[in-house]
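My questions concern the predicted model and sequence given below.
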Amino acid sequence: MKKIAIAAALTAGLALSACEAKVTDEGEMPSMDVDVSGDAGEMPEVDVDTADVEVGSEEVTVDVPDVDVTMPSEE
């Protein structure tokens, strides 16, 4: 169980470090009046640069040993 928790923590750390986010506009909270009217506010603008991942394939020849199996004779 402890190994699973460590693996999950490492996976989460890797996932969180795979991108970089830069806040380009801080945004603002909505202003409210007592009579329930108000300014809608503004969401912050965020520029996110994700990690570049290259995926490919390569053909490889693997030498497999020759295995002879001798079955016991049935009597």
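All right, it came through fine.

Can you classify the spatially most central residue of the chain as helix, strand or coil?
Centroid check for the chain by CA atoms, centre = their mean gives Ala15 as the closest residue, at 4.0 Å. Classification of Ala15 using DSSP: H, G, I helix; E, B strand; the rest coil returns helix.

From Ala8, how far out is it?
Plainly put, Ala15 is 11 Å away from Ala8 if you go by CB to CB, to the nearest Å. No exception for glycine: its C-beta is placed from N, CA and C like everyone else's.

contacting residues around stretch 13-33?
With contact meaning CB atoms under 8 Å, 6 or more residues apart in numbering, stretch 13-33 is reached by 38-51.

and if you look at stretch 40-47?
Applying CB under 8 Å, 6+ apart, the set of residues contacting stretch 40-47 is Ala21, Lys22, Val23, Thr24, Asp25, Glu26, Gly27, Glu28, Met29, Pro30, Ser31.

please redo it, this time with the cut-off set to 7 Å
Ala21, Lys22, Val23, Thr24, Asp25, Glu26, Gly27, Glu28, Met29, Pro30 (CB atoms under 7 Å, 6 or more residues apart in numbering).
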